[in-house]
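K.L.:
quick one, fold the following:
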Amino acid sequence: MDLYVYYQVPIEQADQLLAAVRAMHRSVAAEQGVVGALKRRPEEQNGRHTWMEIYPAIPDGFDKALERAVERAGLANLIVGPRHNEYFMDAGPCA
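P.N.:
As a prediction, this is how the structure comes out:
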């Protein structure tokens with residue numbers, strides 16, 4: 001199962017968010033063995049960008065570990081609104 005997390009960030013917070021998420025990714029990789037990726041949409045809307053964290057092949061319990069890492073990184077102070085989690089799994093072979 002892969003986890004995709006998206007949220008909005010004011011443009012003026014972009015550099016701070018980038019540094020915080022990179023540090024968080026290092027911590028999560030060391031603790032959980034999951035290497036995250038970070039993306040953002042190229043266009044802005046209302047002075048914000050939409051950012052996406054991607055975590056492939058997450059183990060059981062990863063969600064709680066990520067929540068703790070997010071809190072330690074102080075991401076709530078850098079984003080607007082909630083973080084949205086989406087889960088995707090590999091599709092089986094077509095018949």
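K.L.:
got the contact list for the residue nearest to Tyr4 when sequence neighbours are not counted?
P.N.:
Nearest residue to Tyr4, sequence neighbours excluded (C-beta to C-beta, 6 or more residues apart in numbering): Glu86, at 4.5 Å. C-betas here are computed from N, CA, C, even on glycine. Contacts for Glu86 (C-beta atoms under 8 Å, 6 or more residues apart in numbering) come out as Leu3, Tyr4, Val5, Tyr6.
K.L.:
list the contacts for the residue nearest in space to the middle of the chain?
P.N.:
Ranked by distance to the mean C-alpha position of the chain (C-alpha atoms, centre = their mean), the top residue is Glu53 at 2.7 Å. For Glu53, the residues meeting the contact criterion (C-beta under 8 Å, 6+ apart) are Leu3, Tyr4, Val5, Tyr6, Val21, Gly36, Ala37, Leu38.
K.L.:
so which of those comes closest to Ile58?
P.N.:
When the contacts of Glu53 are compared for distance to Ile58 (C-beta to C-beta), Leu3 comes out closest, at 5.1 Å.
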